[in-house]
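K.L.:
3D, please:
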Amino acid sequence: MPSGMGSSAGARACPDRRGDIAAYLVGALDSQAGAEVRRHLGSCPACRAEYEDLVPVAGCLALLTTRLRGRPGTMW
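P.N.:
Predicted coordinates for the structure are as follows:
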């Protein structure tokens, strides 16, 4: 990511939580796992920054998926 972009500013999400953060963001976790990620985000600034950096990406993916759904020749 270019300098000055994103809120993490050098912070690194916990390596064992990165996949969970992305899965939480797109709603792919069950309620128990989602609650665990929420608790962790509340106590870990680096993971919270990672989550905040990914929010716009998830929004773009959702929009793209909605626009492409039903078009011939797309993956969906």
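
K.L.:
Helix or strand: which one has the residue nearest the centre of the chain?
P.N.:
In the chain, the residue lying closest to the centroid (CA atoms, centre = their mean) is A22, at 3.6 Å. Under the criterion DSSP states H and E, the helix or strand holding A22 is helix 18-25.

K.L.:
Which SSE is immediately downstream of that helix?
P.N.:
If you walk from helix 18-25 toward the C-terminus, the next helix or strand you reach (DSSP H and E) is helix 31-43.

K.L.:
Report the angle between the following helix or strand past that following helix and helix 31-43.
P.N.:
From helix 31-43 onward toward the C-terminus, using DSSP H and E, the following helix or strand is helix 45-68. Relative orientation of helix 45-68 and helix 31-43, computed by axes from the mean of the first three to the mean of the last three CA atoms, to 10 degrees: 130 degrees.

K.L.:
if we can go back for a sec, tell me which residues in the helix holding A22 are buried?
P.N.:
By neighbour count on 16 or more other CB atoms under 10 Å, the buried set for helix 18-25 is 20-22, 24-25. C-beta: built from backbone N, CA, C; applies to glycine.

K.L.:
and the angle from it to helix 31-43?
P.N.:
In this structure, helix 18-25 runs at an angle of 110 degrees to helix 31-43, with the same axes, to 10 degrees as the basis.

K.L.:
Please save the CA atoms from helix 18-25 in PDB.
P.N.:
What follows is helix 18-25, C-alpha atoms only, in PDB (Å, rounded to 0.1, in the frame of the first residue of the first chain):
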ATOM      1  CA  ARG A  18      -5.500 -12.100   9.600                       C
ATOM      2  CA  GLY A  19      -7.700 -14.700   7.900                       C
ATOM      3  CA  ASP A  20     -10.300 -14.400  10.600                       C
ATOM      4  CA  ILE A  21     -10.500 -10.700  10.200                       C
ATOM      5  CA  ALA A  22     -11.200 -11.000   6.500                       C
ATOM      6  CA  ALA A  23     -13.700 -13.800   7.000                       C
ATOM      7  CA  TYR A  24     -15.500 -11.700   9.700                       C
ATOM      8  CA  LEU A  25     -15.700  -8.800   7.400                       C
END
